[in-house]
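K.L.:
below: sequence and its predicted model.
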Amino acid sequence: MRALDDWPLADRRQLIGVFTDIDDTLTTEGAITPDALKALQQLRDAGLPVVAITGRPVGWSEPMARHWPVNAIVAENGAVALVPQPDGLQRLYLQDADTRARNRARMDAVSARLLREVPGARLAQDSPGRETDIAIDHSEFTHLPQAAIDQVVQLMRSEGMAATVSSIHINGWFGTHDKRVGARWIVQQLWGRALDNELARWAYVGDSTNDQRMFEVFPNAVGVANIARFLPQLTHRPQYVTRQPRGAGFAEVAQAVLAARVPGAAG
């Protein structure tokens, strides 16, 4: 990974939008910081779309989608999108209603097994807002050792689920979607374009192992400084890293993007 100062001006100048994780990328101690919120507004004012992609549940994401200056929040690792509209929030689903209902019953059975077989395992406190996945808390309100985290992931996958680890939760779901699929889907839904044709024109900002699918394909992927915690576990790392962690790191990224849009900017 290279320092953000090494991000070429030409690469920043061609950007047309920003994808970002939420927890420990936009937020610090569970809340968005004023500098990160200001950065979102500055990106919007500059005409750059921002889409947040998170493992958090759709219910938890609703207040953010209503009040943050973002074009959409894609929740539950790519399965559900919240799109602000003049008359409220539009909710979009990647899976149809029958599929979601079948998967819900299967996920409930896996949840029961996890709580029964993994010592210390607890459902995430935001679970009531989840529709298409389940989440086990490992670092938000409880602490699971790495061995238990690995056990949860292995058990989920043994049940045929996709599983990923964020900075706070272990998420599991049935389906082939993930953050990358969710990003492709929302670009097609909102702008009618193929994201794969313009990967170099979007930045992605993240902080943990569940961002690897995005780090792998976005040439302009940036990790906020607290990604250091997960570096030993990353197969795919971002190209650049900020000096500051969490929300302050996101604000650094926004300023680097915006600075490249100033006429006569050099770098």
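P.N.:
It's in.
K.L.:
could I get the buried residue list for stretch 62-79?
P.N.:
By neighbour count, and taking 16 or more other Cβ atoms under 10 Å as the criterion, the buried residues in stretch 62-79 are 62, 64-65, 68, 70-79. (Glycine included, C-beta is placed from N, CA and C.)
K.L.:
I'd like the residues you listed laid out as JSON lines, including distance to residue 195.
P.N.:
Putting the buried residues of stretch 62-79 into JSON lines (distance: Cβ to Cβ, whole Å) gives the following:
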{"residue": "62", "distance to residue 195": "24"}
{"residue": "64", "distance to residue 195": "22"}
{"residue": "65", "distance to residue 195": "20"}
{"residue": "68", "distance to residue 195": "22"}
{"residue": "70", "distance to residue 195": "17"}
{"residue": "71", "distance to residue 195": "14"}
{"residue": "72", "distance to residue 195": "13"}
{"residue": "73", "distance to residue 195": "17"}
{"residue": "74", "distance to residue 195": "12"}
{"residue": "75", "distance to residue 195": "18"}
{"residue": "76", "distance to residue 195": "19"}
{"residue": "77", "distance to residue 195": "16"}
{"residue": "78", "distance to residue 195": "12"}
{"residue": "79", "distance to residue 195": "17"}
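K.L.:
from the residues you listed, which land in strands?
P.N.:
Residues of the buried residues of stretch 62-79 located in strands (DSSP state E): 72-75.
K.L.:
quick check on residue 225: phi, psi?
P.N.:
With angles defined as degrees, to the nearest 10, residue 225 sits at phi -60, psi -30.
K.L.:
all strands for this protein, in order.
P.N.:
Counting by DSSP E, the chain has these strands, from start to end: 2-3, 17-20, 27-28, 31-32, 50-53, 72-75, 80-85, 88-93, 134-137, 162-165, 169-173, 202-206, 220-223, 240-241.
K.L.:
relative to residue 232, which of these is closest?
P.N.:
strand 162-165 (12.8 Å; Cβ to Cβ).
K.L.:
which outside residues touch the closest one?
P.N.:
Applying Cβ atoms under 8 Å, 6 or more residues apart in numbering, the set of residues contacting strand 162-165 from outside is 55, 77, 138, 149, 152-153, 156-157, 170-178, 208-210, 233.
K.L.:
any of those residues buried? List them.
P.N.:
The neighbour-count criterion (16+ other Cβ under 10 Å) marks 55, 77, 138, 149, 152-153, 156, 170-175, 177-178, 208-210 among the contacts of strand 162-165 as buried.
K.L.:
so the longest helix seen in the chain versus strand 169-173, what angle?
P.N.:
Using DSSP state H to define each element, the chain has its longest helix at helix 97-117. Angle between the axes of helix 97-117 and strand 169-173 is 130 degrees (criterion: axes from the mean of the first three to the mean of the last three Cα atoms, to 10 degrees).
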